[in-house]
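Chemist: sharing a sequence plus its predicted fold:
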Amino acid sequence: MNKFVKTILKTLLGLFVLLNIVVLFHAYKFTYYYETGDKSVIQQGMKSGWDKTSDMLFGINAAKQPNVAPDTAYDPVTLTTKDSLKLSSWNMTVPNAKGTVLLFHGHGSKKSALMEEAHQFRKLGYNTFLTDFRAHGSSEGNTCTIGYTETEDIKLAYEYVQSLGEDTLVLYGISMGAATVAKAISEYALKPYKVILEMPFGSLTEAVKGRVKMMQLPAEPISTLLTFWGGTIHGFWAFNYNVAQYAQNIKSPILLQWGATDPRVTKKETDDVFAAIAAPKKLVVYEQSGHQSLAANESTKWQENVKAFLEK
């Protein structure tokens, strides 16, 4: 092998190592949330040139989103994980409830972001129970695994509501919350009355691709490397995280909903999840919506479909 070829190979190897180092930092920041008010988090309009360069090379420091207090009465509930993390929940009841809907938010969000959905469920006669995933909102912890370990959070909420004597439980999730609901049902053999999944990603790999696409970066090899390092950092094989496979194990009726202009979750992902469902199912596509609250953006359509699904 001549000197020129060796130089080229060494250069390529160096670039590959450098790329992995950069991606490793981004994978960490993608799954870590600082406490609200932490000085490490700098608002976008106040960032210097170096701050912006640092974001590009090492990822963005993101803080937990603080909850907005609800304008309706609620009972605060604290759930405790096996790692002693305290999870913050709100229990909102209505007279003569038909059951309880447990609501789970998306990645980087908070439980108060689901107040519109919760309000509509209560109008339909259901209690609502909202929980901040670990590392989100008012819950403890700083590490998020995009639904891999957060299944315990759903199990804890499910078992708490059951302990109140409730036997008609509806699980609702949006985005990461929807994927985690599917995984939790499969992992813990939960048996909810019905399930509503909105915009779940098809797999963790696809979720990362959606994030990379939003950053206007080439999907490969960045998505594969981010998936690998994200799972490795937190001790699991991320390529096995497949929502379509989890959906096969759900026995409860499922309403799957998706926005046709969603820039993160593709039609193929949605179709794959829907095709995998063996239980009674319905797919509703919202033509005027993207990756957002369908209940807020196309409220009449959402209300009609959710009401029909719950009353069927």
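Modeler: Alright, I've got the coordinates.

Chemist: can you tell me how far the most centrally placed residue in the chain is from Ala135?
Modeler: In the chain, the centroid-proximal residue (Cα atoms, centre = their mean) is Met176; its distance is 1.5 Å. Look at Met176 and Ala135: by Cβ to Cβ, to the nearest Å, they are 12 Å apart. C-betas here are computed from N, CA, C, even on glycine.

Chemist: can you check Ala207 too?
Modeler: Counting by Cβ to Cβ, the separation of Ala207 from Ala135 is 16 Å.

Chemist: of the two, who's got more company?
Modeler: The residue with more neighbours, out of Ala207 and Ala135, is Ala207; 28 against 21, by other Cβ atoms under 10 Å.

Chemist: once you drop chain neighbours, what's closest to the more buried one?
Modeler: What sits nearest to Ala207 in space, not counting adjacent residues and going by Cβ to Cβ, 6 or more residues apart in numbering, is Phe201, at 3.8 Å.

Chemist: tell me the pLDDT at that neighbour?
Modeler: On pLDDT, Phe201 comes in at 95.

Chemist: do the same with Arg211
Modeler: The model's pLDDT for Arg211 equals 72.

Chemist: just checking, it touches Arg264?
Modeler: Yes: here Arg211 reaches Arg264: they are 7.2 Å apart, a contact under Cβ atoms under 8 Å.

Chemist: pretty sure Val195 belongs to a helix, no?
Modeler: No: per DSSP: H, G, I helix; E, B strand; the rest coil, Val195 lies outside any helix segment and is strand.

Chemist: and the average pLDDT for the lengthiest helix in the chain is what?
Modeler: Secondary structure of the chain per DSSP state H: the longest helix is helix 3-30. Averaging pLDDT along helix 3-30 yields 72.

Chemist: other SSEs contacting that helix?
Modeler: helix 49-58, helix 222-233 (3 or more Cβ pairs under 8 Å, 6 or more residues apart in numbering; DSSP states H and E).

Chemist: now the element after it, going C-ward?
Modeler: strand 33-34 (DSSP states H and E).

Chemist: quick one: strands adjacent to that following strand?
Modeler: strand 62-63 (parallel) (DSSP bridges).

Chemist: neighbouring strands of whichever helix or strand comes after the partner strand in the sheet, and parallel or not?
Modeler: Scanning forward in sequence from strand 62-63 by DSSP H and E, the next helix or strand is strand 75-80. With DSSP bridges as the test, strand 75-80 is paired with strand 86-92 (antiparallel).

Chemist: the partner strand: which residues count as buried?
Modeler: 87-92 (16 or more other Cβ atoms under 10 Å).

Chemist: can you tell me which of the helices and strands packed on helix 3-30 has the worst average pLDDT?
Modeler: Of all the helices and strands packed on helix 3-30, helix 49-58 has the smallest average pLDDT, which comes to a mean of 56.

Chemist: Leu169 and Val161 touch, don't they?
Modeler: Yes: contact criterion Cβ under 8 Å: Leu169 and Val161 qualify, at 5.9 Å.
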